[in-house]
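Asks: Got a predicted model here, sequence first, then my questions.
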Number of protein chains: 4
Amino acid sequence: MSTFGHVFRVTTYGESHCKSVGCIVDGVPPGMSLTESDIQPQLSRRRPGQSKLSTPRNEKDRVEIQSGIEFNKTLGTPIAMLIRNEDHRPHDYSDMDNYPRPSHADYTYMEKYGLKASSGGGRASARETIGRVAAGAIAEKFLAQVSNVEIVGFVSQIGSIKMNRDTFDPHFHHLLNTITREKVDSAGFIRCPDAAIAGEMVKEIEKYRGQKDSIGGVVTCVIKNVPAGLGEPCFDKLEALLAHAMLSIPASKGFEIGSGFSGVSKPGSQHNDLFIFDEETQKLRTKTNNSGGVQGGISNGENIYFSVAFKSVATIAQEQETVTYDGKPGVLAAKGRHDPAVTPRAIPIVEAMAALVLADALLIQKSRDFARSVTH
Amino acid sequence: MSTFGHVFRVTTYGESHCKSVGCIVDGVPPGMSLTESDIQPQLSRRRPGQSKLSTPRNEKDRVEIQSGIEFNKTLGTPIAMLIRNEDHRPHDYSDMDNYPRPSHADYTYMEKYGLKASSGGGRASARETIGRVAAGAIAEKFLAQVSNVEIVGFVSQIGSIKMNRDTFDPHFHHLLNTITREKVDSAGFIRCPDAAIAGEMVKEIEKYRGQKDSIGGVVTCVIKNVPAGLGEPCFDKLEALLAHAMLSIPASKGFEIGSGFSGVSKPGSQHNDLFIFDEETQKLRTKTNNSGGVQGGISNGENIYFSVAFKSVATIAQEQETVTYDGKPGVLAAKGRHDPAVTPRAIPIVEAMAALVLADALLIQKSRDFARSVTH
Amino acid sequence: MSTFGHVFRVTTYGESHCKSVGCIVDGVPPGMSLTESDIQPQLSRRRPGQSKLSTPRNEKDRVEIQSGIEFNKTLGTPIAMLIRNEDHRPHDYSDMDNYPRPSHADYTYMEKYGLKASSGGGRASARETIGRVAAGAIAEKFLAQVSNVEIVGFVSQIGSIKMNRDTFDPHFHHLLNTITREKVDSAGFIRCPDAAIAGEMVKEIEKYRGQKDSIGGVVTCVIKNVPAGLGEPCFDKLEALLAHAMLSIPASKGFEIGSGFSGVSKPGSQHNDLFIFDEETQKLRTKTNNSGGVQGGISNGENIYFSVAFKSVATIAQEQETVTYDGKPGVLAAKGRHDPAVTPRAIPIVEAMAALVLADALLIQKSRDFARSVTH
Amino acid sequence: MSTFGHVFRVTTYGESHCKSVGCIVDGVPPGMSLTESDIQPQLSRRRPGQSKLSTPRNEKDRVEIQSGIEFNKTLGTPIAMLIRNEDHRPHDYSDMDNYPRPSHADYTYMEKYGLKASSGGGRASARETIGRVAAGAIAEKFLAQVSNVEIVGFVSQIGSIKMNRDTFDPHFHHLLNTITREKVDSAGFIRCPDAAIAGEMVKEIEKYRGQKDSIGGVVTCVIKNVPAGLGEPCFDKLEALLAHAMLSIPASKGFEIGSGFSGVSKPGSQHNDLFIFDEETQKLRTKTNNSGGVQGGISNGENIYFSVAFKSVATIAQEQETVTYDGKPGVLAAKGRHDPAVTPRAIPIVEAMAALVLADALLIQKSRDFARSVTH
């Protein structure tokens, strides 16, 4: 369904050829200052056409807040936002419409809904994610006010070009501790904070563009200053909610938190995060953070970090031998120019989904905190 | 929270030192034959003490159905099941209780709930998963009746010993097509269907056992005969629900579907699953299956396969230098014998969670099918 | 929260002084013909200014579909709809803003949210119901296609002027069997199908208008051609969902189904609905229908009928001795002209909420039907 | 479905002929002292066989807590409770099983599930309510600790014998302010606090018992000391949640809050609850309380009071001319002794459902309070 969250909740709508896309955000705290300028930056970071590396279409994607604020303050009521589609006419039929595009959602939408939208896969359109980003910006603003929560995503892999994301390496943790959204963006649209690797990534993308091909990547994301105690055993563990959120993003194929897949080969004696006492905060902390900030499904106050794998874009200008919906063989090649690597643009979406998970988990935990204060 | 699913839904309860653990399964179809013997096999596969490789404690874990059946047929009403805990007295206090066990949930439960259960992490106890497995067995039985859905998990990695799980390799797909639960179990308790690798895995585990250490692993799971159309855009994509389910299992740190993390380095021209027409079924199929049976969040009728990473067990008999809840440094070492690798026992849990996701998605999709039949 | 329903689900937004009000309807079946002209009639029936009996403000309330349709057919994706507010500037401050209006939501919104919107009670504004009515129109269209479901509300009481709604009276059941929305509207804006009583009701309203006062009323609603089997034991009984829906409408204070409150004085020997065999349909029916079409929380195929009590409008032009937020005594009197009786305009809202409940229950039941067909 | 609530949530199971009935309560605050003796009193009040007025069957209904407590303190984890059924064998078939009992759930369960349980209506059995009462007792204990919330139900009508429940009458409000559970029970099992009327009610019940008939009644319930701010606009208004809860109780046919159905004939000038300033609490209060403690769907701090209508019991020993499932006419008469009036026993169920609604609403509101404290 198109609703995510429980106490802080977003519902999105829209596909690529309708009048507008947008969302309703419910459960936004009252009295928070909020204008469209709080929302627009992340929308602009998500937008295509930011560089020659991405698609040259220039979508404007201006958000218009419809409800829930007065005098630039939230009312506590639902905030509806819409972003107009530039081209909202259903598209003209062409021969290519006879083909379900390989690794797109055309075929599965036909199986599920029995029809084919202009946008092929309907809500599988990347424009669906605009509502998420708009909602996430509100969640982020709230989280920052609670405890300076900071959410920073960056590109850690494009094709075979990888940054080190070894959780057992102190350099990786130093990077997580010091990275900011500004540093990420200063790398240009590739959004990889390691300048040397960023350069190689750009070359990797150019190579596939030259071949009329596309390539995948990995977004790594760190969340700082998260209070301990967030996440609800046993099915709504914080990492389970994050995994749900991330795998709901189009083209994502994997999620790992903390040491993730590479951690399975480390023995417990190395993997365990031993406790130390932090004099400054007078609280326990962990010496290492292989857990990724979550233990037993509950945040422990350390940095939360995770990675999300995105497959290569399905739309390529190369010819592909495939069949029509009716099973007739033929050759399909996408027309026009297409973005050979969308991973950098996925960053604000990953950040938005992380913010939505956290805002909801935090509000729920605050009710637990209250209850505990009464019964203890 | 402790409830999972919408139309087919399980709620679980229980920790390691209470009277019983169990669950309520709601939305089970009426008229289905069901006895405890349908539930017990997966519970027994989950149980500790199955081999010298795992912990020698012998939990009996006998399920007792409380409600929802008459004359061995389901009534359509909730099915409650309970499994008694052999030892349900709160344990005696010892010095070790002063320490939050590293990479366990003791510390985060204390942060969230302000107390320490005998079981330390309360619901983070592995016994919590018994209710899931019992519920999953019912879901599986239903799915098998719908379309012979078959769910088979196996160990594809222990520590650094890996099976090939390259999605671009036809041998991997042959394995997925032919594997059965019987073949997996015939490999012994290591549950790896490749005999040579299984032998190495056993050695790997023995090595860490000898070092009073532990080691992680990966479970790969295939789901066969899934109807096309399952999964609800945009937040409840089928892979998002699976990821949520898998990351809610204790000790899991990662999830990938189809090509997953390794797929990001394959260009679109190789990654795209081209369509072919299947004369036998008179339907489209895909030539390859890098998508893992899901496109645009909706099942396409091909095998669904995914992998789940499990970290090494946190409880080790080695001494660990850590601190007490109060911050006093000291040395902690687990007493008794402990399972050095729980990954093989995670298989029925992974299968159960997959079954719960699918049963719910299938029931929801059947209402969509009906609606579409009316309006088309 | 602002979301209602599970598989067929609406989320609404908007208050009286923002840019627009509206909703997102999720789970709408694909392939259904739908245009704004399907939505507008019920919006127009809800609108103020329909007669001299109601408020003379002339809101236009034109719906604009934003998403989810192409070539006038639904896509199966969420349908967003918006209706612009004519006056969307936050209003100018006046002395009256110092007073929480008695029996309005001003005070409780202040307690909950800590602020005062221009609209006083924020989402307690009657404009909030526009999104419900728009969504309900889609649900109704779907239900009509499934089994000619027909939902007809009418005014059965204004102040002390009552129609007979005695469930033990055959005339009442004849009325329920034969009433149509056309007949209701042909009574003029009072929407009471008994001409004599309608006349008295008009006089009752005029009396209170003359006294600068207001008066309440009762809407009775019948739903015909509902398939048997709808409703989910035990907490989501069909009457429980209807009661939830109706008591969520502003100003409603009571709900009764079937014999309701007056039925408590009838003994079981009279109240029980004996079964008869219907030769035409070859199914059982009930001789009487004191149950109101629902038994054990599940529809039995008979007419569902229920009544909803609405209190008198809180805004009156009479002077009221009350206090400011700060506790200072004073006199408050509403300026302008106000609707002395909103009950007739509540009809499309009651009908919409009934349609939303039924569409959701029906879709869920269709998944139950499928499951049962497999397991039996 | 069998789950109710969001952050404080109960899931129930069981019907009349299975091994046990019970529930899982999730979201119970940690550190609260809790033993079976906190649960048993309300279960005993619900139990049949309390007087000659009710059925002489003597069910023991002893609760056994399965999980979620240690050393008589809650852990914050789910609390499972079970109550064994004395007779859990499916019953022997008899001729009467050919008949769907009039105004029972036999027919609708057959329509929905395609089968007939021993208990006829499966979960429509009154034993289903045991889990609710057990869960409600925990909710009540928590609410009492938060703000001395007190929930007291009483019988205000049996058949045609009525107590005054006129919301405009100060005597009624005095009763609401002073009534306690002890006073209600001191009236004997009729549970009507007006001794004279209670006597007449007993005679009314005896009359119907003598006629092998049954009779309905009304439970009125008051909730004192509820904090202001509870309830979530717009669909989860507090009265909507209460109505949902009450109409989910077997045999209930109506719900009204505050002035309810009789309030529709009072003009706004009388119905409006004018504000006054309370020197003691330094807060606003209302002079009257026709609203029933809820305005705009949110509690205002005044007493919440509502009434629930229960129809006469469907099982009567009189002969009823009806038909079999196959449509063959015949005569049905219940054997054995049956309770002619269950309304007094409905009181702990009404109280339990009210407690479940409030505990959940309160926990959600506490997260709103926190959010507001951050953003203001």
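Replies: Alright, I've got the coordinates.

Asks: Stretch A:362-376 and chain D in contact?
Replies: Yes: between stretch A:362-376 and chain D, judged by CB under 8 Å from any CB of the partner chain, the touching residues are A:Leu363, A:Ile364, A:Lys366, A:Ser367, A:Arg368, A:Asp369, A:Phe370, A:Ala371, A:Arg372, A:Val374, A:Thr375, A:His376. (C-beta placed from N, C-alpha, C; glycine too.)

Asks: Report how many residues lie close to A:Arg372.
Replies: 19 (other CB atoms under 10 Å in any protein chain shown).

Asks: which element is it on?
Replies: Applying DSSP states H and E as the criterion places A:Arg372 in helix A:343-375.

Asks: A:Gly22 too?
Replies: Assigned by DSSP H and E, A:Gly22 falls in strand A:20-26.

Asks: Tell me which strands that strand pairs with, and in which orientation.
Replies: With DSSP bridges as the test, strand A:20-26 is paired with strand A:9-13 (antiparallel), strand A:79-84 (antiparallel).

Asks: Redo those as JSON lines? Include mean neighbour count and distance to A:Leu358.
Replies: Output for the strands paired with strand A:20-26, formatted as JSON lines (neighbours: other CB atoms under 10 Å in any protein chain shown; distance: least, CB to CB, whole Å):
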{"stretch": "strand A:9-13", "mean neighbour count": "29", "distance to A:Leu358": "13"}
{"stretch": "strand A:79-84", "mean neighbour count": "26", "distance to A:Leu358": "18"}
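
Asks: Adding distance to C:Glu86 and mean pLDDT as columns, could you present the ones you listed in a markdown table?
Replies: Below are these laid out as a markdown table (distance: least, CB to CB, whole Å; pLDDT from 0 to 100):
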| stretch | distance to C:Glu86 | mean pLDDT |
| --- | --- | --- |
| strand A:9-13 | 24 | 98 |
| strand A:79-84 | 17 | 97 |
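
Asks: Now tabulate these in JSON lines and tack on distance to B:Ile197.
Replies: Formatted as JSON lines, the strands paired with strand A:20-26 follow (distance: least, CB to CB, whole Å):
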{"stretch": "strand A:9-13", "distance to B:Ile197": "45"}
{"stretch": "strand A:79-84", "distance to B:Ile197": "51"}
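
Asks: Out of these, which gets nearest to B:Leu284?
Replies: Nearest of the strands paired with strand A:20-26 to B:Leu284, taken as CB to CB: strand A:9-13 at 29.3 Å.

Asks: that older thread, as a whole number, average confidence for the strand holding A:Gly22?
Replies: Average pLDDT, strand A:20-26: 97.

Asks: pull the CA atoms of it into CSV?
Replies: Provided in CSV are the C-alpha atoms of strand A:20-26 (Å, rounded to 0.1, in the frame of the first residue of the first chain):
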residue,chain,number,x,y,z
SER,A,20,0.8,15.9,-9.9
VAL,A,21,2.6,13.7,-7.4
GLY,A,22,2.7,14.2,-3.7
CYS,A,23,1.8,13.0,-0.3
ILE,A,24,0.0,13.6,3.0
VAL,A,25,2.1,13.6,6.1
ASP,A,26,0.2,12.8,9.2
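
Asks: Give me the contact list for it.
Replies: Contact with strand A:20-26 is made by A:8-15, A:68, A:78-85, A:88, A:127-128, A:130-132, A:134-135, A:138-139, C:1-3, C:11-13, C:24, C:66-67, C:80, as judged by CB atoms under 8 Å, 6 or more residues apart in numbering or on different chains.

Asks: ok, and the closest non-adjacent residue to the residue of the stretch 1-150 of chain A found nearest chain B?
Replies: Among the residues of the stretch 1-150 of chain A, A:Ala105 lies nearest to chain B; the distance is 2.3 Å by CB to the nearest CB. With sequence-adjacent residues excluded and distances taken as CB to CB, 6 or more residues apart in numbering or on different chains, A:Ala105 is closest to B:Gly296, at 2.3 Å.
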